[in-house]
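> Pasted the sequence and its predicted model underneath.
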Amino acid sequence: MARAGILYSHVAAAAAGLAADNKNPTVDTVREALGGTGSKSTIAPMLKRWKEEHQQAPSPAAPGVPPSLLQAVKGVYESIKTDFQQNLDVEKLAHAAGLEQLADELQQSRTEQAALEQRVKALETDLDSANTTIAQAHHANHLLTVDLAGARSEQAGLQQRLADRAAEVASLNAQLTQARAQFDHYHEASAAQRAEERQGFEQRAALVDRELVTLRQQLLHHKGQAAQLAGQLSQAGAENARLHQVAEAAHSEAARERTGSERAAFQVAALSAQLDKLQAGHDAMRAELSDCKIALAVRARESEIAASRLASAESEAHTGAQEKHALMRQLTVLETELRQERDLARQRKEEEGKPER
């Protein structure tokens, strides 16, 4: 572009003045006539244009035309041409200013386009990060689901073990009740039998005592009649021996009864030991049942924690999906704006290319 201080009208006026003085208007002479301002590269195209227009100007009038009239016509022509040239220069300056403004707007649009592209890249990076986070959340959700399934399976196994233990405890309770009933029955039967045996022994002992009293009475009677019953003494001695044998047999039977009582007492002691053993097994089963209940409560708590973590992971995955949808909508809006900016830039380029053609 030409400098704002040198216009075509200035160059044309200087060239016309040199031509009126019968001087050849050159770049140097025109620059000298302008006071040494303006560069040769600026003055040369304007001077060339003036020469082309000056060559196309009407030829001088035939001889006989007054010089004053010719000079007046030339002045009017030059004035009209100068005004036109000034208007043309003003329009060119305005056009150049418009082109500069369009160039600035194009540069600004390109800058905004670059910023939008950077923003799109940042959004794509955020989208990739969100996708990665969602994938990690899905993976963690899968792991939590597997852990929860394992915990539920283990809980089912513990519940089954608890049911089995409860059945075993019920069976042991039934056996213990039955053993207690048998022990009570045996104890009652043994007591009744010992009472009966004691009663029979006492009856036999009383009978023996009565027989001894009778024999003593008979012995005293026989001693009183010893003289008279001398012949019967041997028979009485034999009867006495027989009675002693009966007494010894009674004592032997009493010893056997005592042995039976001791054996019954031993059986009672054995049943008591078996009852104590069953009671200890019952207590052990109760302790194991308590441990199983505690383990089941711990597993249930772990299952609740795993379920809570699973719900939290699902909530995070849902939030990530919502953020992803929001980012996709923003990306769509940005792509639309970018497409519109590109269309506007293309239209501006086309509008800028039309004056150049």
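Right, received. Where do you want to start? Numbers count the residues shown, from 1 in each chain.
> can you map out the helices along the chain?
Applying DSSP state H to the chain gives helices spanning 8-20, 27-33, 40-55, 67-224, 233-356.
> Now do the same for the shortest one: mean pLDDT, whole number.
Going back to what we said before, that points to helix 27-33. Mean per-residue pLDDT for helix 27-33: 91.
> just checking, what packs against it?
Using 3 or more C-beta pairs under 8 Å, 6 or more residues apart in numbering; DSSP states H and E as the contact test, the elements touching helix 27-33 are helix 8-20, helix 40-55. From N, CA and C alone the C-beta is placed, and that goes for glycine too.
> and the helices of the chain, which is most packed in?
Neighbour counts (mean count of other C-beta atoms under 10 Å) averaged over each of those peak at helix 8-20, with a mean of 20.
> tell me what it is packed against?
Against helix 8-20 (3+ C-beta pairs under 8 Å, 6+ apart) you get helix 27-33, helix 40-55, helix 67-224.
> ok, of the helices of the chain, where does mean pLDDT dip lowest?
helix 233-356 (a mean of 79).
> what's the angle from it to helix 67-224?
180 degrees (axes from the mean of the first three to the mean of the last three C-alpha atoms, to 10 degrees).
> still on that earlier bit, and of the helices and strands packed on helix 8-20, who's closest to Leu278?
Of all those, the one in closest proximity to Leu278, counting by C-beta to C-beta, is helix 67-224 (5.1 Å).
> which secondary structure elements does that closest one contact?
Against helix 67-224 (3+ C-beta pairs under 8 Å, 6+ apart) you get helix 8-20, helix 233-356.
> So what touches the shortest one?
The list of residues contacting helix 8-20 from outside it, by C-beta atoms under 8 Å, 6 or more residues apart in numbering, reads 24-25, 29-30, 33-34, 38, 43, 46-47, 49-51, 54, 78, 81-82, 85-86, 88-89.
> what do you get for stretch 25-36?
Residues contacting stretch 25-36 (C-beta under 8 Å, 6+ apart): 6, 10-11, 14-15, 17-19, 23, 37-38, 40, 43-44, 47, 50-51.
> Give me the distance between the two termini of it.
Criterion C-alpha to C-alpha, to the nearest Å; first-to-last residue distance in stretch 25-36 is 14 Å.
> Give me the nearest residue to Ala317, chain neighbours excluded.
Nearest non-adjacent residue to Ala317, counting by C-beta to C-beta, 6 or more residues apart in numbering: Ala137, 4.3 Å away.
> Now for Glu262: which residues touch it?
Counting by C-beta under 8 Å, 6+ apart, Glu262 has no contacts.
> my bad, Gln274
By C-beta under 8 Å, 6+ apart, Gln274 lies in contact with Ala179.
> From what I see, Leu327 and Leu123 are in contact.
Yes: if you go by C-beta atoms under 8 Å, Leu327 and Leu123 touch, sitting 6.1 Å apart.
> Would you reformat the helices and strands packed on helix 27-33 as TSV and include distance to Ala241?
What follows is these, written out as TSV (distance: least, C-beta to C-beta, whole Å):
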stretch	distance to Ala241
helix 8-20	185
helix 40-55	179
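> Of all those, which one comes closest to His95?
helix 8-20 (14.2 Å).
> Report the backbone C-alpha coordinates of the closest one in PDB.
What follows is helix 8-20, C-alpha atoms only, in PDB (Å, rounded to 0.1, in the frame of the first residue of the first chain):
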ATOM      1  CA  TYR A   8      -2.300  10.200  -6.600                       C
ATOM      2  CA  SER A   9      -3.700  13.700  -6.800                       C
ATOM      3  CA  HIS A  10      -0.400  15.100  -5.500                       C
ATOM      4  CA  VAL A  11       1.700  13.200  -8.000                       C
ATOM      5  CA  ALA A  12      -0.700  14.200 -10.900                       C
ATOM      6  CA  ALA A  13      -0.600  17.900  -9.900                       C
ATOM      7  CA  ALA A  14       3.200  17.800  -9.800                       C
ATOM      8  CA  ALA A  15       3.400  16.000 -13.200                       C
ATOM      9  CA  ALA A  16       0.900  18.500 -14.800                       C
ATOM     10  CA  GLY A  17       2.900  21.400 -13.400                       C
ATOM     11  CA  LEU A  18       6.100  20.000 -14.900                       C
ATOM     12  CA  ALA A  19       4.400  19.400 -18.200                       C
ATOM     13  CA  ALA A  20       3.000  22.900 -18.300                       C
END
